[in-house]
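Novice: pasting a predicted model and its sequence here:
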Amino acid sequence: MEKFEKQHGKNVACLFVYTKEAHPDDGPENRNEASPTGGWKMKGNKVKIDEHKKYAERLKAAKNLKSAGKENWRVLVDGMDNAVHEAWGELPNMAWMIDPRGRIAHKWAWVASCTSDKGKRNGDEKTGNVYTLLNAAGSLTPYSIQDDASLPLWGVRGGEWIKYKTLEGNLEVKFALEGADTVKRTAGKDETKLKLEVAPPEKPAKADMRELTIGKIELPCYVLKDGESETWISPWLPGDGVAKVVQAGEVTMELTDAGFEKGKTCLNAYKPE
């Protein structure tokens, strides 16, 4: 991964997700007694880490990665429910390549095979390695909401809501997924079904980004202009991510609260370490 980042780090971001230990030191020595996705003690393993019982233990182990020769890695830490691990396939050392549109371009069963020169392990011989795919990709400039305002809707899972202050009063907008490619948007008594389609432009647009202050939060937004109308969309918000609408210089709709679950706000001030 370090070799790969040196060659392509200006164009490609590498993220390492630390989840449960595949070979905890206190795991069963018999592989048949472990789970299908790991959990047995590997003989001769120089790394001595017990199965994580608390998130603080997992966080500490992840930080130790950065002090053990991996200081340049971007490390994300999965929760104790292993939600990220389960969502992305549960294999112990898999790799994914996400294209500039935010879609999955390829998946490897084993991270070593995607960066190997031969790319002939774990059934990857037909598709080649990550270098081959990158060379064939053309532009690596990422697509954004500036190119496709419906991008946030691909993440809708139901129960998401946004509240606004409008010229007519307060308005609550709810979102629900219907099928694999349709989102139901309910604004007050009005209901709209939005069809999700992949139609990126030939050339990504230059992003116009600004920050919207909501209480103590600085919300990053893409600003889409259409004549005298402006629509501010934030990828951090649920639903379609609309944070503010301005028409002819007048704010006609502005975010007051939002959440990904009923009754739970997501507009909480957050300070990373």
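Specialist: All right, it came through fine. If you're wondering where the values come from, they're calculated on a predicted model, not measured in any experiment.

Novice: the residue positioned nearest the centre of the chain and residue 191, how far apart?
Specialist: Among the residues of the chain, residue 102 comes closest to the average C-alpha position under Cα atoms, centre = their mean, at 8.7 Å. Distance, residue 102 to residue 191, using Cβ to Cβ, to the nearest Å: 27 Å. To be clear about C-beta, it is placed using only N, CA and C from the backbone, and glycine gets the same treatment.

Novice: residue 224: what's it in contact with?
Specialist: Applying Cβ atoms under 8 Å, 6 or more residues apart in numbering, we find residue 224 in contact with 145, 146, 149, 208, 230, 231, 232, 233.

Novice: name the nearest of those relative to residue 160.
Specialist: residue 233 (14.4 Å; Cβ to Cβ).

Novice: isn't that closest one up against residue 222?
Specialist: Yes. Between residue 233 and residue 222 there is a contact under Cβ atoms under 8 Å: 5.1 Å.

Novice: quick one: common contacting residues for those two?
Specialist: residue 145.

Novice: let me know the average pLDDT across the helix or strand containing residue 3.
Specialist: For residue 3, the host element (DSSP states H and E) is helix 2-8. Taken as a whole, helix 2-8 carries a mean pLDDT of 80.

Novice: same check on stretch 245-252?
Specialist: pLDDT averaged over stretch 245-252 gives 96.

Novice: how far off centre is that stretch?
Specialist: Its chain's C-alpha centre lies 31 Å from the corresponding centre of stretch 245-252 when counted by Cα atoms, centre = their mean, to the nearest Å.

Novice: start and end of that stretch, how far apart?
Specialist: End-to-end distance for stretch 245-252: 6 Å, by Cα to Cα, to the nearest Å.

Novice: same thing with stretch 137-157?
Specialist: 30 Å.

Novice: buried sites along that stretch?
Specialist: By neighbour count with 16 or more other Cβ atoms under 10 Å, stretch 137-157 contains the buried residues 143-153, 155-156.

Novice: same check on stretch 67-83?
Specialist: 73, 77, 78.

Novice: off-centre distance for the lowest-mean-pLDDT helix or strand in the chain?
Specialist: Across the helices and strands of the chain, mean pLDDT, DSSP states H and E gives its lowest value to helix 111-115, namely a mean of 76. Counting by Cα atoms, centre = their mean, helix 111-115 is centred 21 Å from the centre of its parent chain.

Novice: which element follows that helix toward the C-terminus?
Specialist: Assignment by DSSP H and E places the next element after helix 111-115 at helix 130-137.

Novice: who does residue 195 bridge with?
Specialist: residue 182 (DSSP bridges).

Novice: my read is that it contacts residue 182, right?
Specialist: Yes. Contact status for residue 195 versus residue 182: in contact at 5.8 Å, counting by Cβ under 8 Å.

Novice: which one of those two has more residues nearby?
Specialist: residue 182 (14 against 10; other Cβ atoms under 10 Å).

Novice: determine the three-state secondary structure at residue 244.
Specialist: When classified by DSSP: H, G, I helix; E, B strand; the rest coil, residue 244 comes out as strand.

Novice: just give the closest residue to it, not the sequence neighbours.
Specialist: residue 232 (4.0 Å; Cβ to Cβ, 6 or more residues apart in numbering).

Novice: hang on, residue 253 in a strand?
Specialist: Yes. Assessed by three-state DSSP, residue 253 belongs to a strand.
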